[in-house]
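A.B. asks: task: produce atomic coordinates for the following.
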Amino acid sequence: MWRAEVERMHTNDAAQTEVVIGGQVVRDEGAVLVAEALKANNTVTLLNLASNNISLSGARALADALRENTTLLYLILRQNYAISEEGATALEEALEVNTTLLEMDLVSTGMSLDTFNRIQAKLRDRRATERMGYYDTKPAMCIP
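C.D. replies: So this is what the prediction gives:
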């Protein structure tokens, strides 16, 4: 089922603004496919990949996609326990290039408190500059 969602991402279907494929055991191979679709996608603003056994290589692929994508606002990666410190650092580094992402949920991904604090600060600064009501009221979702 998740593969159909990924294929749809390639079409830039304007009706597809949210992709929720959490808990479907996508693993790193699936995360790579999602990342490739995300690179050229300009419709998806929320991507939920929670609980999919994604680890370092999947996190790196998603970080690469974030460097190219300018549409995604919310990324949910919680409970992918093996993303690790290194994977979280790759995602953090992608935020230097990607200036559109506003929230990243990294609960239970194996990152350190220091990495959490750095990512949180970057995302908080973005939300603070978004003076458009809706974004100002959204809570941060980057919790170790």
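A.B. asks: can you pull out the low-pLDDT segments for the chain?
C.D. replies: Across the chain, the ranges flagged by pLDDT under 70 are 128-144.
A.B. asks: longest helix of it?
C.D. replies: The longest helix of the chain (DSSP state H) is helix 113-129.
A.B. asks: what's that one packed up against?
C.D. replies: Applying 3 or more Cβ pairs under 8 Å, 6 or more residues apart in numbering; DSSP states H and E, we find helix 113-129 packed against helix 84-94, strand 103-105. Just so you know, the C-beta spots here come from the backbone N, C-alpha and C atoms, and that holds for glycine as well.
A.B. asks: Val19 is nearest to which of those?
C.D. replies: Of all those, the one in closest proximity to Val19, counting by Cβ to Cβ, is strand 103-105 (14.3 Å).
A.B. asks: okay, now the sheet partners of the closest one, with direction.
C.D. replies: Partners of strand 103-105 in the sheet, by DSSP bridges, are strand 74-76 (parallel).
A.B. asks: sorry, back to before: list the buried ones in the longest helix of the chain?
C.D. replies: Buried residues in helix 113-129, defined by neighbour count with 16 or more other Cβ atoms under 10 Å: Thr115, Phe116, Arg118, Ile119, Gln120, Lys122, Leu123, Arg126, Arg127.
A.B. asks: out of the helices and strands packed on helix 113-129, which gets nearest to Leu38?
C.D. replies: Ranking those by proximity to Leu38 (Cβ to Cβ) places helix 84-94 first, at 11.4 Å.
A.B. asks: show me what counts as buried in that closest one.
C.D. replies: Ser84, Gly87, Ala88, Thr89, Ala90, Leu91, Glu92, Ala94.
A.B. asks: which of those sits closest to Asn69?
C.D. replies: Using Cβ to Cβ, those come closest to Asn69 at Ala94, 9.5 Å.
A.B. asks: tell me where this structure has strands.
C.D. replies: All strands of the chain, identified by DSSP state E, fall at 18-20, 46-48, 74-76, 103-105.
A.B. asks: how near is Val25 to Ala94?
C.D. replies: Separation of Val25 from Ala94 (Cβ to Cβ, to the nearest Å) stands at 24 Å.
A.B. asks: cool, thanks, talk later.
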